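# requesting a structural model of the entry that follows:
(chains A and B)
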2 protein chains.
Amino acid sequence: MSDPRPRRVAALVDGLTAAHLDGLLLTGLSNIRYLTGFSGSSALLVVGPRDLVLITDFRYQTQVVEEVGDLARIAIEPSSLWTGLWQQLAQLPSMQVIGFETAHIQHRDFQRLLEAGARWQWRPTVDLVETLRERKDESEIARITEAAQVATDALERTLPQIRRGMKELAVAGILEKELRDAGSEGFAFPSIVASGPRSALPHAHSSVRELEDGDFLLMDFGAVVAGYCSDITRTVVVGKASEEHRAVYDIVRNANERAARSVRAGMTGRDADALARDYIDRAGFAPLFGHSLGHGIGLEVHEAPRLARTAEGVLAESAVVTIEPGIYRPGWGGVRIEDDVVLAAAGPRILTRFARELIELG
Amino acid sequence: MSDPRPRRVAALVDGLTAAHLDGLLLTGLSNIRYLTGFSGSSALLVVGPRDLVLITDFRYQTQVVEEVGDLARIAIEPSSLWTGLWQQLAQLPSMQVIGFETAHIQHRDFQRLLEAGARWQWRPTVDLVETLRERKDESEIARITEAAQVATDALERTLPQIRRGMKELAVAGILEKELRDAGSEGFAFPSIVASGPRSALPHAHSSVRELEDGDFLLMDFGAVVAGYCSDITRTVVVGKASEEHRAVYDIVRNANERAARSVRAGMTGRDADALARDYIDRAGFAPLFGHSLGHGIGLEVHEAPRLARTAEGVLAESAVVTIEPGIYRPGWGGVRIEDDVVLAAAGPRILTRFARELIELG
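Have a look, this model is predicted:
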């Protein structure tokens, strides 16, 4: 596979020219990583038609050279990245009107642009790089596919180790160790292990609650491979499932499968969301499905596009999105089943290959 | 212990009055948690002399009531928190001049204040809550103490499980599982497990490198208990330590112990940093200690105060700070020894009670 970075930079430069900007200051670290490969936690990037300048600090002097190579000019700043920025810009006379990322710069730093950076003209920009990132290339899909495989491998090895009486935190510990052993370089987000009534909280974290017979056990977690995230949820039953468990589970499962089978590039995010929501609605559970159907994944675990009632945008070809319908009955429990799906030209392809049949543990 | 939140809110209101503000809009989630107890990932808080209004979304409707109780008025917003903000402010006629947190609001949201919020006057504020958070109260010190205990317990149980040939990722997996089993509700930051030459990278993440005889193995990680973080580093040797291992290790250990014994509330952050730096300098290793000595910990793993060459501020009594000198020889390896210390009135008290003698594994 050829290095995708020069293509990405060229596509961004086209966008800058169309927006009548001489250059763009990037402060969003995922956007900087996408364009240059640099994975450190401290960087500014300046992009122009003939210039690519990455400013970072001394802690990253070895790493930045390994990751970025000669794609960009690298400046190591001993104290403040902003001091380095003014120095670098002063050497780029063609940069006068410069965009900045309105969603990735704190007001404090915006004030720096107006004060220390007053000799340049600054223009807010929205989602210039995010839009490029929505459409994944081959190398990105390969990494997300591997992150999905790591997550499903870890889940496969975790389920047989779960016992009644275990704390949710202990289940999280097993799952996270299996993620590490399967090769995950980190966690896409804080793992959610929620049991019994806590499974009805869509954003529960793991707690000291102990697993009991008849609990739903919801596990929502993700792996990271070469910077790219996966995001999967499975809900199982501790002991024997009741009729009510099965009834709720089957609705969520059918909603998941319908949406994952029918979602297509070219649909709006709203129409994609409706694939699952209309089904849950007809089953009479619409008020208990309180969140949106899904979101893009990539270098971040939540990125464009959105699959939601309020999402008018059209889904791009080669986007990778989650499909995660859920039903949450307060005080009783909840079910969510989440898969990662590539919107390929030939149709949707599910990356998280793991059983969706209801599993009864022990 | 009495509920500390009303005291915190009252202290903030005093600060607002002194700054001639009718109220403050809080967007920083750790600041919101400190004042109200709410731990969700989506919230706005308005604080005034007679008003405390927390705006969050429907995902948190159960959790927010449990966590906040009747301390604040709670508004659940179906769509955008900002719409909720304008509605709430319209009901508070005494709020005309309102501060906002310059370090915790993206330019995009700042624009909302100027546009949709144009009927109010907005003033940037800096560190109003962070300054309060620097001085920990009894309940906070109890939580950090427990988080430190969880971290040292996990390390204690991890060391005997480490073997030559294991990947750094696998060591991270063991450590993280032990953290979970010891009761950690999450990870204070992505665990660093760095071996051999990689231990010389101060911000290495864990990799697929396998442990070899004669490696330094550096582990930097933290637990979270009731929202509060610990942060500890120990460096051990795989197999037998060489003379050079011991020489470098002893300098870092002495620097750590001197600083941890002598650091005091009332010193500047610069003077605290010098406690370790001057010693390392006299040993001839100053150029290989490239980062600052430490930082505050609490609801965030990096918060005020800073212990650094450029930190002119005075350390507050009851702050909890890290003491983490290191020596990094590129291509060979590095040592860091990090402890968490309360700056009590009676003198420093180390919370991370774990051996600092050089440990040889296996």
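# distance of A:R277 from B:V46?
Separation of A:R277 from B:V46 (CB to CB, to the nearest Å): 33 Å. All C-beta atoms are positioned from the backbone trio N, CA, C, and that covers glycine.
# quick one: secondary structure of the residue most central in space within chain A?
For chain A, the residue whose C-alpha lies nearest the mean C-alpha position (CA atoms, centre = their mean) is A:V301; its distance is 1.5 Å. When classified by DSSP: H, G, I helix; E, B strand; the rest coil, A:V301 comes out as coil.
# check A:A316 too.
Following three-state DSSP, we place A:A316 in the coil state.
# for burial, what's the neighbour tally of it?
19 (other CB atoms under 10 Å in any protein chain shown).
# likewise the one 3 residues further on?
Look at A:A319: counted by other CB under 10 Å, it has 23 neighbours.
# ok, it touching A:A344?
No: A:A319 is beyond contact range of A:A344, at 9.8 Å (criterion: CB atoms under 8 Å).
# now do the shared contacts for the two.
Shared contacts of A:A319 and A:A344, defined by CB atoms under 8 Å, 6 or more residues apart in numbering or on different chains, comprise A:A265.
# buried ones in the least confident helix or strand in chain A by mean pLDDT?
In chain A, no helix or strand scores lower on mean pLDDT, DSSP states H and E than helix A:61-68, which sits at a mean of 91. For helix A:61-68, a neighbour-count test (16 or more other CB atoms under 10 Å in any protein chain shown) marks A:62-64, A:67-68 as buried.
# closest one of those residues to A:A255?
A:E67 (41.0 Å; CB to CB).
# how close does A:L361 sit to A:I327?
A:L361 is 20 Å from A:I327, by CB to CB.
# more crowded one of the two?
A:I327 (24 against 17).
# on the three-state scheme, that one is what?
Of the three states, A:I327 takes strand under three-state DSSP.
# that one against A:I251, yeah?
Yes: between A:I327 and A:I251 a contact is recorded at 6.4 Å, counting by CB under 8 Å.
# what residues are shared contacts of the two?
Joint contacts of A:I327 and A:I251 (CB under 8 Å, 6+ apart) are A:280, A:285.
# would you mind naming what in the stretch 251-362 of chain A lies close to chain B?
A:290-291, A:310, A:330 (CB under 8 Å from any CB of the partner chain).
# nearest to chain B, of those?
Nearest to chain B among these, counting by CB to the nearest CB, is A:G290 at 5.7 Å.
# please, where are all the strands along the stretch 101-250 of chain A?
A:121-125, A:192-195, A:216-221, A:224-225, A:228-229, A:232-238 (DSSP state E, counting those that start in this stretch).
# how about these, which one is nearest B:R234?
Closest among the strands of the stretch 101-250 of chain A, once you apply CB to CB, is strand A:224-225, at 24.9 Å.
# what's that closest one packed up against?
Contact here means 3 or more CB pairs under 8 Å, 6 or more residues apart in numbering or on different chains; DSSP states H and E; on that basis strand A:224-225 packs against helix A:138-158.
# and the helix it packs on with strand A:232-238, angle?
10 degrees (axes from the mean of the first three to the mean of the last three CA atoms, to 10 degrees).
# name the residues that touch helix A:138-158?
The contact list for helix A:138-158 (CB under 8 Å, 6+ apart) reads A:1, A:4, A:136, A:171, A:174-175, A:178-179, A:181-184, A:188, A:219, A:221-232, A:234, A:297-298, A:318, A:320, A:340, A:342, A:351-354.
# how's chain A carved up into domains?
A:5-133, A:138-361 (automatic domain parsing).
# turn those into CSV, columns for distance to B:A247.
What follows is these, written out as CSV (distance: least, CB to CB, whole Å):
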stretch, distance to B:A247
domain A:5-133, 23
domain A:138-361, 33
